[in-house]
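J.: here you go, sequence then predicted model.
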Amino acid sequence: MGSLSGRLSRNWTLKLSAFGVALLLWVAVRAEAPSRQELREIPVRVDVGDPEWAVVGEPIPSTVTVRLGGPSRELMGMALDRPMVVVPMDAVTSADTAVSLNPSWVRIQDRPGVVVEAIQPSAVRVSLEPVERATLPVAMRINGQLPSDFALAAPPVTFPGGVRVSGPRSRVSEIDSIVLVPLDLSTVSRSGRISVAVDTTGLAGLMVQPLAVEVDVPLEDQIERVMSGIPIVFPPDLSAPEALELRPSTASVIVRGARSLVDRADPTLFELVVRIESDDVPPPGAEAEFPVALQGLPPLVGGEPQQSVVMVRHLRLESTQ
């Protein structure tokens with residue numbers, strides 16, 4: 001009995017081994033067996049070799065269906081490792097061209113035995129324009145506030161002041177400046193140059209050089225100064241101001257900014273303008289308070305009046321006989 005059970009055990013082991021080998025051979029044969037696969041929405045890209053022409057928009061259609069043949073194992077990997085159709089155009093003969101797609105233009109990563117059997121549709125239409133080249137000014141955007149101890153001593157300046165742009169003539173003619181990524185002043189703590197990138201939003205299809213510029217940010221210590229005797233005046237379009245009385249007629253203002261700018265500020269150019277309109281004037285004999293606004297500050301200098309409101313009295317004018 002022991003001998004019989006041993007022979008049965010060995011037979012089952014041999015049978016299972018044989019089955020495993022047969023299964024591996026079947027899987028291997030299936031993996032190497034020729035097969036076909038269709039990949040949809042494969043992108044089409046046009047590579048223009050003529051430097052005097054540029055593609056306008058995307059080819060029509062911008063995607064195609066590619067039928068591939070080859071070993072099943074290689075084709076299964078194409079679902080993730082998708083190809084691309086790259087259309088070479090070394091010479092341009094027309095601004096609007098229909099191009100027949102060549103199977104050799106399908107870019108397939110290292111997939112031994114995989115071949116392109118068909119492309120549908122078999123042609124695309126490509127629109128081109130002559131290349132326009134221009135140097136456009138840089139448009140800077142500033143966000144945020146400097147740390148409280150610092151102030152700008154002069155407006156930030158870009159180096160260079162313009163960048164080179166090339167692309168389809170119609171696209172270049174639409175652009176009057178190249179916008180930079182916003183400069184956040186809250187991250188600036190000392191004078192110097194900061195590299196700021198070009199904002200490439202909306203620049204698809206254009207070549208821009210350089211893609212970043214240097215922005216010179218001149219900083220100084222921020223100071224405050226009180227300046228007295230600033231005249232309070234009525235707005236120039238107010239009717240009959242001679243019938244109105246101001247109390248007070250002058251006031252002090254607080255001026256703040258970079259030290260050099262505040263030191264050079266001329267208080268004789270300042271004035272506090274009453275924010276009043278003709279319809280707001282109080283009736284004869286009455287009075288009312290109105291806010292004032294500081295005007296005449298130089299660029300990059302801030303300030304406000306120490307007294308934010310003034311009293312306006314409407315005088316009783318004697319009638320003439």
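T.: Arrived safely, thanks for sending.

J.: only alpha carbons, please: show stretch 223-242 as PDB.
T.: Provided in PDB are the C-alpha atoms of stretch 223-242 (Å, rounded to 0.1, in the frame of the first residue of the first chain):
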ATOM      1  CA  ILE A 223      10.300 107.300   7.400                       C
ATOM      2  CA  GLU A 224       7.300 109.500   8.500                       C
ATOM      3  CA  ARG A 225       7.300 113.300   8.700                       C
ATOM      4  CA  VAL A 226       4.600 115.800   9.900                       C
ATOM      5  CA  MET A 227       4.300 118.900   7.700                       C
ATOM      6  CA  SER A 228       2.200 121.800   9.000                       C
ATOM      7  CA  GLY A 229       0.400 124.700   7.400                       C
ATOM      8  CA  ILE A 230      -1.000 122.800   4.500                       C
ATOM      9  CA  PRO A 231      -3.900 125.000   3.000                       C
ATOM     10  CA  ILE A 232      -7.400 123.600   2.900                       C
ATOM     11  CA  VAL A 233      -9.200 124.600  -0.300                       C
ATOM     12  CA  PHE A 234     -12.600 124.000  -2.000                       C
ATOM     13  CA  PRO A 235     -12.700 122.000  -5.300                       C
ATOM     14  CA  PRO A 236     -12.400 124.300  -8.300                       C
ATOM     15  CA  ASP A 237     -15.800 123.300  -9.700                       C
ATOM     16  CA  LEU A 238     -17.700 124.400  -6.500                       C
ATOM     17  CA  SER A 239     -20.100 127.300  -7.200                       C
ATOM     18  CA  ALA A 240     -20.000 130.500  -5.000                       C
ATOM     19  CA  PRO A 241     -17.200 129.400  -2.600                       C
ATOM     20  CA  GLU A 242     -16.900 133.000  -1.500                       C
END
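
J.: the stretch 51-200 of the chain: strands as residue ranges?
T.: 53-55, 63-71, 84-89, 96-100, 106-107, 115-120, 123-139, 142-143, 150-152, 157-159, 162-168, 178-179, 183-184, 192-197 (DSSP state E, counting those that start in this stretch).

J.: minimum distance to Met311: which of these has it?
T.: Comparing the strands of the stretch 51-200 of the chain against Met311 with CB to CB, the closest turns out to be strand 150-152 (34.0 Å). Quick note: C-beta positions are derived from backbone N, CA and C, even for glycine.

J.: doesn't Leu294 fall inside a strand?
T.: Yes. With DSSP: H, G, I helix; E, B strand; the rest coil as the criterion, Leu294 is located in a strand.

J.: tell me which of the strands of the stretch 51-200 of the chain lies nearest to Asp47.
T.: Once the strands of the stretch 51-200 of the chain are compared by CB to CB, strand 84-89 is nearest, at 5.3 Å.

J.: quick one, that closest one and strand 63-71 angle?
T.: Angle of strand 84-89 versus strand 63-71, following axes from the mean of the first three to the mean of the last three CA atoms, to 10 degrees, is 110 degrees.

J.: tilt between strand 84-89 and strand 96-100?
T.: Using the same axes, to 10 degrees: strand 84-89 against strand 96-100 is 120 degrees.

J.: circling back to that earlier point, turn the strands of the stretch 51-200 of the chain into TSV, columns for distance to Gln307 and mean neighbour count.
T.: Formatted as TSV, the strands of the stretch 51-200 of the chain follow (distance: least, CB to CB, whole Å; neighbours: other CB atoms under 10 Å):
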stretch	distance to Gln307	mean neighbour count
strand 53-55	63	20
strand 63-71	70	18
strand 84-89	71	16
strand 96-100	71	12
strand 106-107	74	16
strand 115-120	80	15
strand 123-139	40	16
strand 142-143	32	13
strand 150-152	24	21
strand 157-159	38	14
strand 162-168	47	18
strand 178-179	42	19
strand 183-184	35	16
strand 192-197	40	14
